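# Quick one: sequence and predicted model below, then my questions.
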Amino acid sequence: MSSTRRIVSTFVAGAVGLGLTVSAGVLPAAAHGGGGHPGGGPSSGSTQQLAPRTHFTMAPDGSSGLTQGGEGIPNIDSVKKTIAAYYGDPGTGIADKATSPYIGEMDAIVAKELRQLPKILADARRHHEKPAIVLDADDTTLWTYDMEVGDMKFVFTPAEQDVWVQGQKFPATPSMVRFVNTAQAMGFTIFGLTGRNDDQKAATVANLQKVGYRGFTPANFYTKWTGKGASQQPSYITCRAASCTTVEYKALTRKHIEDLGYTITLNVGDQWSDLQGGYADRTLKLPNPTYYLPSADLPGRHEPRLAPRTRFTMKPDGSSGLTQGGEGIPNIDAVKKTIATYYGDPGTGLASTTSSPYLTEMKRLTQRLAPQVAAQCAVGRLLHRNPAIVLDADDTTLWTYDMEVGDMKFVFDPAEQDVWVQAEKFAATPGMVSLVATAQRAGCTIVGLTGRNDDQKAATLGNLQAVGYQGFTAANYYTKWTGVGASQQPSYVTCAAARCTTIEYKSQTRAHVESAAGGGYDVVANFGDQYSDLIGGHADRAIKLPNPTYYLP
């Protein structure tokens, strides 16, 4: 019997003793060594290409979270970058008011619509009609980007919105002043119809006038009732006040306008719910990926044409915002709902710990990978290769969803993150305690490698131990330097400290782990939830775990 066959036979016996399922596809790569030492890249055993998906299918109601795996959900940080690129926002939360893909698209939409107005007007007069145009407020005539992003960080707050409304702080939506004023001068009656409430009506009309609109008057501007004092549901709105939807409110208000003798020749809005429900000859949807206000169709009415896109192309760096129109960018509210569905979050910001598509995916993934990785560990041990696995912390071994969503609302705060870290508040990433234990029993040393800093190392190790991990030690747990006191960049990380990237830090640390100075390990598997955890080689195999809640390039 050859030496290789004796080793494999010994391995199989050992694997059976460990209760492992032997995968025939694992042995050859492990037995041949795998090139995991400095200079070696991820082998063909990698679970997937080390780059994010760029094509997505996403239903606007979030239901895709039930069927799409984590990699099939648009990453929320990439969505934010794409939206910023579209609005010419350099990262300040303030849109460029002079030039951007959004402004260019609005110019084109308005120019096309202006060319239609003479024919629309002539047709109306030929039929002895009183032609009218109905327009929504937010992001149809008034531009809310700086509030939604720069102030609220995509987390809507009614009280803060009222500050902006009463302060009349909104600029005009690009090109819309020209459109409205041209239509009004031609003879169209201009109506406003908004979800803003009666207490905001005077300030809204004043804001419109302030930025140059003509034609909006208090009499022709419809706002929603508050239910207090004189602000009550009007008689022409027949739905129940407590459950009246946006479509019911807006469609029945348009019916009321037509009952007054007008013909609504055009209804303009940035939300599909502004347009559903009929009572307009034509509709015009303006682009807006910064929020989504859904509403059910009117009973008995089905309008599939008035529905959001479901297929998207999006690059992880946000550059798609330079080429995709607004409807081609995943709407951030729909993305949030999809992520919540995937994690079994009922809307509280807390993930389900008992049942969710994420838990199912992680269970399936870890159950498949555990015996494969353990086989690599066992063979590496038998070949005296000093095998190890390397694991990131956040969302690879420790689960951050409740912090990222429930606490931070997808707006990362380093100070708040440190509170969670020092308090050791994170649960274990589903399935990973068992996988790590299996790898350790099979002969692998467990190595941690995280972007958390040296000041967080002790708490991170304490948290890992508290949730059931064994095998992580201070000597084999790598955290990033702070640049303060003794916490300085190590000599084996050779990039410039001020601009050292995650990939440089992590790949050079893995190279150190595989060097004699770092222990002379053979990294048989490198686990991470970010592609930057995995790129750069120095591991036989790179394994990506799902995480659409943030993106660290």
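Yep, it's here.
# where in this structure is pLDDT low?
1-48 (pLDDT under 70).
# Next, name the residue at the spatial heart of it.
Ranked by distance to the mean C-alpha position of the chain (Cα atoms, centre = their mean), the top residue is Ile76 at 1.4 Å.
# Let me know the distance separating it from Ala251.
32 Å (Cβ to Cβ, to the nearest Å). Using the backbone N, CA and C atoms, a C-beta is placed for each residue, glycine as well.
# now swap in Asp297 and tell me
10 Å.
# Now do the strands in the stretch 351-500 of the chain.
In the stretch 351-500 of the chain, the strands defined using DSSP state E, counting those that start in this stretch lie at 387-391, 398-399, 427-428, 445-453, 477-480.
# Pick the most deeply packed of those strands.
Among these, strand 387-391 has the highest mean neighbour count (mean count of other Cβ atoms under 10 Å), at a mean of 29.
# helices or strands next to that strand in the packing?
Here strand 387-391 touches helix 357-382, helix 432-441, strand 445-453, helix 502-514, strand 522-528, going by 3 or more Cβ pairs under 8 Å, 6 or more residues apart in numbering; DSSP states H and E.
# one more time with 10 Å
Using 3 or more Cβ pairs under 10 Å, 6 or more residues apart in numbering; DSSP states H and E, the elements in contact with strand 387-391 are helix 357-382, helix 432-441, strand 445-453, helix 502-514, strand 522-528, strand 542-544.
# I'd like those laid out as CSV, including distance to Thr313.
Shown next, in CSV, are the helices and strands packed on strand 387-391 (distance: least, Cβ to Cβ, whole Å):
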stretch, distance to Thr313
helix 357-382, 23
helix 432-441, 32
strand 445-453, 29
helix 502-514, 25
strand 522-528, 25
strand 542-544, 21
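# looking at this, Ala517 is in a helix?
No. Counting by DSSP: H, G, I helix; E, B strand; the rest coil, Ala517 is not part of a helix but coil.
# Now do it against Ala511, distance only.
In this view, Ala517 and Ala511 are 10 Å apart by Cβ to Cβ.
# Next: Met403.
For Met403 relative to Ala511 (Cβ to Cβ), the value is 31 Å.
# Then His538?
5 Å.
# Looking at these two now, which is surrounded by more residues?
His538 (26 against 21; other Cβ atoms under 10 Å).
# The more buried one and Tyr492 touch, don't they?
No. In this structure His538 lies outside contact range of Tyr492 using Cβ atoms under 10 Å: 11.5 Å.
# between the two, what contacts are shared?
Shared contacts of His538 and Tyr492 (Cβ atoms under 10 Å, 6 or more residues apart in numbering): Gln508, Thr509, Ala511, His512, Val513, Ser515.
# Could you pull up the residues touching the first one?
Contact analysis of Gln508 by Cβ under 10 Å, 6+ apart lists Pro38, Pro490, Tyr492, Val493, Thr494, Cys495, Cys500, Gly536, His538.
# Can you pick out the most distant pair from those?
Maximum pairwise distance in the contacts of Gln508, criterion Cβ to Cβ, is 18.2 Å, between Pro38 and Cys500.
# Tell me the backbone dihedrals of the residue nearest to the centre of the chain, please.
phi -60, psi -30 (degrees, to the nearest 10).
# what's the spacing between it and Thr144?
20 Å.
# who are the neighbours in contact with Phe312?
Neighbouring residues of Phe312 by Cβ under 10 Å, 6+ apart: 54-58, 74, 79, 82, 320, 324, 327-331, 335.
# Looking at the residues you listed, which is nearest Gly443?
Looking across the contacts of Phe312 and measuring by Cβ to Cβ, the closest to Gly443 is Thr54, at 38.5 Å.
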